[in-house]
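Peer 1: Mind folding the following:
(chains A and B)
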Number of protein chains: 2
Amino acid sequence: METKSENRCYGGTQGVYSHASDSTNCDMTFGLYLPEEAQHGPVPVLIYLSGLTCTHENAMTKAGAQVWCAEQGIAICFPDTSPRGEDVANDDGFDMGHAASFYLDATEAPWARHYQMESYITKELTKVLGENFNIDTDRMAITGHSMGGHGALTLALKHPDLYRSVSAFSPICHPTASEWGHRQFKGYLGEDKGVWADHDATMLAQSKGFDGPILIDQGTADQFYDKLGTADFAAACAAQKLDATVRLQKGYDHSYFFISTFMEDHVAFAAEALWA
Amino acid sequence: METKSENRCYGGTQGVYSHASDSTNCDMTFGLYLPEEAQHGPVPVLIYLSGLTCTHENAMTKAGAQVWCAEQGIAICFPDTSPRGEDVANDDGFDMGHAASFYLDATEAPWARHYQMESYITKELTKVLGENFNIDTDRMAITGHSMGGHGALTLALKHPDLYRSVSAFSPICHPTASEWGHRQFKGYLGEDKGVWADHDATMLAQSKGFDGPILIDQGTADQFYDKLGTADFAAACAAQKLDATVRLQKGYDHSYFFISTFMEDHVAFAAEALWA
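Peer 2: Numbers count the residues shown, from 1 in each chain, chains lettered A, B, ... in the order given. I've put the predicted structure just below:
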């Protein structure tokens, strides 16, 4: 575990750390904000998964989450969006390969060797956080934006024992029916659409449900609205009577200005479940 | 006036605009956050001047100011840190030329033609904001970080009728005695140190004073502590019995994590003066 930087922030510490990962077979970097309370004992943690083109850094510097996490006394972790490195398979598009893992465990060449992000986030990162920081990994919640919203929803729905709540900002909700998903699932997972269903939030909501609370914020002026499948996910939640709130936010787009506007609500939402 | 972008944010609008400037003889870009209240009538404005290496964008995306400006019902403007363009004189260092104007009106070649930032900020930008947006330019306050803190302090002290309060995060307080100032003043203003005194916050505090309130936050772990001259400025404020508060913040550095931590206080400080 290497400390890349640590900055005092709202009475706690915003750190950046990297470590060799067994899951992804490369070094992984993440940001971690620890509130002041972590100096005295273990604190709950909210995992924030970022979207296409991002690293661990974007939301850490632009989403304005730390102030609310400090207020609630919870940590927030910003993992990277994919494995990284010269020998890690990539693609010419911005929406596949580096910074575009879709947070799944790839089964197909050339992706399978490094693209094991579901295992990384749910198993290895959980262990790394619990062993190296004053974090109570029995109290975790998850959130994310866009592709990271897809990651948050699918990982929570697949691993309900790990995450007490899930929320998302403009998530990709129905990737099997979107150009943000279809091409990537074919590449990472192969042709069998039965396998794809296990990584699609709308299909998981229909098939498995989720006992914890779900919160979605979606801007109505989102330039990628048609790729996200909000209507399908909202319909699935309603059909299954899940503990879900889907809020359409008039005039907001896909940017960090949208995310930061509603971050206070998402941190409070997670904290309520984490402290319950 | 060209609109580069507008994003809905905390019920208001975060915009980026550019315009041909008569002061600097080039196009100038600025960020402007207007709270919801600006849809109904003129609102006060806080000017935020950024530091070395920054554009209009850094603080706009990383300082977390909009949430507090929305709460207080005031606008915040993020001007660029210098004139820009291929024909605008520059320097190999990061601390002179582009992104390093020191917010003064240069008198020496090759700088004088474009580096007229004191006139730009105090006169032209004020006019542009008043004429193009729902902003009450009779109610302005100013703040900034590092070189921008120097700008905020010197412009407020020189133009006390324009700004009702001034605050700064880790400002360059005594540039004539610092490598962040000495070389630049020589280049921009020539050899006459009598002229330099008119652009040095510590010397202005001693010679002119300031009737409005002053707030400084300075991290004790600031990596540039020795270049800033905080002690000299604090001494000058105390000697002149100014309405000044200088807070040393233990363990904080020079980063946006420091700025964002104390932004709520600086916006509230400005708002109190603006609404008085």
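Peer 1: In contact with the one residue sitting closest to the centre of chain A, which residues?
Peer 2: Most central residue of chain A, judged by C-alpha distance to the mean C-alpha position with C-alpha atoms, centre = their mean, is residue A:49 at 2.6 Å. Residue A:49 sits next to A:79, A:81, A:103, A:121, A:142-145, A:147-149, A:151-152, A:155 when contact means C-beta atoms under 8 Å, 6 or more residues apart in numbering or on different chains. To be clear about C-beta, it is placed using only N, CA and C from the backbone, and glycine gets the same treatment.
Peer 1: Could you rerun that using 10 Å?
Peer 2: A:59, A:77-81, A:101, A:103, A:117, A:121, A:142-155, A:168, A:171 (C-beta atoms under 10 Å, 6 or more residues apart in numbering or on different chains).
Peer 1: How about residue A:10?
Peer 2: The neighbours of residue A:10, taking C-beta under 10 Å, 6+ apart as the test, are A:33, A:35-36, A:66-71, B:257-258, B:260-262, B:264.
Peer 1: In terms of helices and strands, where is the residue of the stretch 101-250 of chain A at minimum distance from chain B?
Peer 2: Distances between the stretch 101-250 of chain A and chain B by C-beta to the nearest C-beta are smallest at residue A:221, namely 6.9 Å. Secondary-structure element containing residue A:221, defined by DSSP states H and E: none, the residue being outside all helices and strands.
Peer 1: the helices in chain A, which residues?
Peer 2: If you assign secondary structure with DSSP state H, the helices in chain A sit at A:57-62, A:66-72, A:117-119, A:126-132, A:147-158, A:182-189, A:193-196, A:201-207, A:225-228, A:230-239, A:256-274.
Peer 1: which of the ones you listed is buried the deepest?
Peer 2: Mean neighbour count, computed with mean count of other C-beta atoms under 10 Å in any protein chain shown, is highest for helix A:147-158 among these, reaching a mean of 28.
Peer 1: check whether it contacts chain B.
Peer 2: No. Legend: contact between helix A:147-158 and chain B by C-beta under 10 Å from any C-beta of the partner chain is lacking; minimum distance shown is 17.9 Å.
Peer 1: Direction-wise, compare that helix with helix A:182-189 and give the angle.
Peer 2: Using axes from the mean of the first three to the mean of the last three C-alpha atoms, to 10 degrees, one finds that helix A:147-158 and helix A:182-189 are set 60 degrees apart in direction.
Peer 1: so how far is helix A:147-158 off the chain centroid?
Peer 2: The offset between the C-alpha centroid of helix A:147-158 and the centroid of the whole chain comes to 6 Å, using C-alpha atoms, centre = their mean, to the nearest Å.
Peer 1: Then stretch A:134-147?
Peer 2: Relative to its chain's centre, stretch A:134-147 lies at 8 Å (C-alpha atoms, centre = their mean).
Peer 1: How about that stretch, which residues are buried there?
Peer 2: A:135, A:136, A:137, A:139, A:140, A:141, A:142, A:143, A:144, A:145, A:146, A:147 (16 or more other C-beta atoms under 10 Å in any protein chain shown).
Peer 1: confidence score at the last one?
Peer 2: What the model reports for residue A:147 is a pLDDT of 98.
Peer 1: Please list all residues in contact with it.
Peer 2: Each residue near residue A:147 by C-beta under 10 Å, 6+ apart is listed here: A:49-54, A:81-82, A:95, A:99-103, A:171-172, A:175, A:180-181, A:184.
Peer 1: how does it look with 8 Å?
Peer 2: A:49, A:50, A:51, A:52, A:81, A:100, A:102, A:103, A:172, A:180.
Peer 1: same question, the fifth one
Peer 2: Applying C-beta under 8 Å, 6+ apart, we find residue A:140 in contact with A:44, A:45, A:46, A:47, A:126, A:162, A:163, A:164, A:274.
Peer 1: What is the burial count for the residue in the stretch 51-200 of chain A that chain B sits nearest to?
Peer 2: Minimum separation of the stretch 51-200 of chain A from chain B (C-beta to the nearest C-beta) falls at residue A:64, amounting to 4.6 Å. Per other C-beta atoms under 10 Å in any protein chain shown, the neighbour tally for residue A:64 reads 26.
Peer 1: so what's it up against?
Peer 2: Shown in contact with residue A:64 (C-beta under 8 Å, 6+ apart): A:259, A:260, A:263, B:64, B:67, B:260.
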